[in-house]
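A.B. asks: structure here, sequence nowhere to be found:
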Ligand SMILES: [Zn+2]
């Protein structure tokens, strides 16, 4: 009965598991596939949460070539730091927003 495993790993081999190869225990195979999928999902989920936890500390999400992304104080759009305008520690996407925000301050 434990030949099911051999049937999967040695699918080309003809010896040993003749009956199981012709009539694989479908329920057992299905259970194995489900377990495999669940295991993969679990591994994926663990990796995802682990990476999220690792990425989180004091590092905002980065896009582009590792450049810092900043947020326009006026409209909230995200843009690379090098393309932004900075006034007193605030970032803006354009001179217009810079002016408008400073005026409304
Ligand atoms: Zn803006």
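C.D. replies: Received, thanks. Only a predicted model underlies this, so the values are computations on that prediction, with no experimental measurement involved.
A.B. asks: shaky segments in the chain?
C.D. replies: When the per-residue scores of the chain are filtered using pLDDT under 70, the ranges that remain are 1-24, 55-65, 105.
A.B. asks: who in it is up against the ion?
C.D. replies: Residues of the chain lying close to the ion by CB under 5 Å from the ion are 72, 74, 75, 93, 97. Just so you know, the C-beta spots here come from the backbone N, C-alpha and C atoms, and that holds for glycine as well.
A.B. asks: can I get the residues you listed in CSV with neighbour count, secondary structure and distance to residue 53?
C.D. replies: Written out in CSV, the entries for these read as follows (neighbours: other CB atoms under 10 Å; DSSP: H, G, I helix; E, B strand; the rest coil; distance: CB to CB, whole Å):
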residue, neighbour count, secondary structure, distance to residue 53
72, 19, coil, 29
74, 19, coil, 32
75, 13, coil, 31
93, 20, coil, 31
97, 19, helix, 34
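A.B. asks: need the max-distance pair from those residues.
C.D. replies: When the residues of the chain next to the ion are compared pair by pair using CB to CB, the two farthest from each other are 74 and 93, 7.5 Å apart.
A.B. asks: same for the helix ranked longest in the chain, what does it pack against?
C.D. replies: Of all segments of type helix in the chain, defined using DSSP state H, the longest is helix 26-55. With contacts defined as 3 or more CB pairs under 8 Å, 6 or more residues apart in numbering; DSSP states H and E, the packing partners of helix 26-55 are helix 3-9.
A.B. asks: quick one, phi psi at the residue nearest to residue 98 when sequence neighbours are not counted?
C.D. replies: Excluding the flanking residues, the one nearest residue 98 by CB to CB, 6 or more residues apart in numbering is residue 92, at 3.9 Å. Backbone torsions for residue 92, taken as degrees, to the nearest 10, come to phi -140, psi 150.
A.B. asks: show me the beta-bridge partners of residue 92.
C.D. replies: Following DSSP bridges, residue 92 is listed with bridge partners residue 85.
A.B. asks: show the contacting residues for it.
C.D. replies: With contact taken as CB atoms under 8 Å, 6 or more residues apart in numbering, residue 92 is in contact with 72, 73, 74, 84, 85, 86, 98, 101.
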